[in-house]
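Engineer: Structure of the sequence below:
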Amino acid sequence: MTRGLLFILTAALLSACGGSGTLFVTARFYSDGSTASSRARVVVREAASTGSIVEDAQVFVTGSKLPKTGLPFAMGSNDYRADGFGWDESLKVEVVRGSDRSELNVKSPGFSVITAPAQDGTVVKANGLLVTWRDANNVPADIARVRLERAQLDVTLADDKFQYRIAAEPLVVTDRENILLERSNEVAPAGSAPGSIISATTTHALQFKVE
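Structural biologist: The predicted structure follows:
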């Protein structure tokens, strides 16, 4: 095989994989359903999670409805970021630095809404608590996470069944318990350095009483 042909085949393979495999990228998107809360955070490193921060890459975000948008580098936090954009059902990140490039895609969860307990409602500690929620698109997420502040409970569920039952024991009697639901889809992309990830998370929080 000639050197030129080898180069062409290698370039074609890298293109099919969505990147050169030389950039370590973590791209995370968050929203509670409002444009004001939506944010993107992209960290780019050389080769691995321990590699040097890359400050001079070109980073773009695109969605099925979101036009291609460049993300500026933020010196204080060592990441590329955007805030206050419309949420999209699919998100794509492109990172280019000279001949190095990475492409990451994720399908976003629909907006998450806690349906029980109710905002400012009352829960009887002895009965425990069944937390329920819904997705705007009626599609489970890859991961669901439920957190209660005063009960110091933090549970990550690998199977999003739109509900999680909490026993009585960890609940704390209080007139202000805070609950946070996070639902995420995560993808480990081909064409990026091992350990790279892109995730999209929708959140919902509310307060209730425990007696």
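
Engineer: C-alpha from now on. contacts and neighbour counts both.
Structural biologist: Noted.

Engineer: where does the protein dip in pLDDT?
Structural biologist: Residues of the chain meeting the criterion pLDDT under 70: 1-18.

Engineer: As a check, name the ranges of all helices in it.
Structural biologist: Chain-ordered helices for the chain, with DSSP state H as the definition, fall at 3-17.

Engineer: What residue spans form the domains of it?
Structural biologist: Following automatic domain parsing, one gets these domains for the chain: 18-107, 112-210.

Engineer: need these in JSON lines with mean neighbour count, can you?
Structural biologist: Converted to JSON lines, those look like this (neighbours: other CA atoms under 10 Å):
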{"stretch": "domain 18-107", "mean neighbour count": "18"}
{"stretch": "domain 112-210", "mean neighbour count": "17"}
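
Engineer: and stretch 43-57, how far from the chain's centre?
Structural biologist: 19 Å (CA atoms, centre = their mean, to the nearest Å).

Engineer: check contacts around Pro189.
Structural biologist: Glu103, Leu104, Asn105, Ser196, Ile197, Ile198 (CA atoms under 8 Å, 6 or more residues apart in numbering).

Engineer: wait, Phe208
Structural biologist: Applying CA under 8 Å, 6+ apart to Phe208 gives the contacts Pro117, Ala118, Gln119, Asp120, Gly121, Thr122, Val123, Asp175, Arg176, Glu177, Asn178.

Engineer: Of the residues you listed, just say which sits nearest to Pro72.
Structural biologist: Asn178 (33.9 Å; CA to CA).

Engineer: list the contacts for the closest residue in space to the closest one that isn't next to it in sequence?
Structural biologist: Excluding its sequence neighbours, the residue lying closest to Asn178 (CA to CA, 6 or more residues apart in numbering) is Gln207, at 4.6 Å. The contact partners of Gln207, by CA under 8 Å, 6+ apart, come to Gln119, Asp120, Gly121, Arg176, Glu177, Asn178, Ile179.
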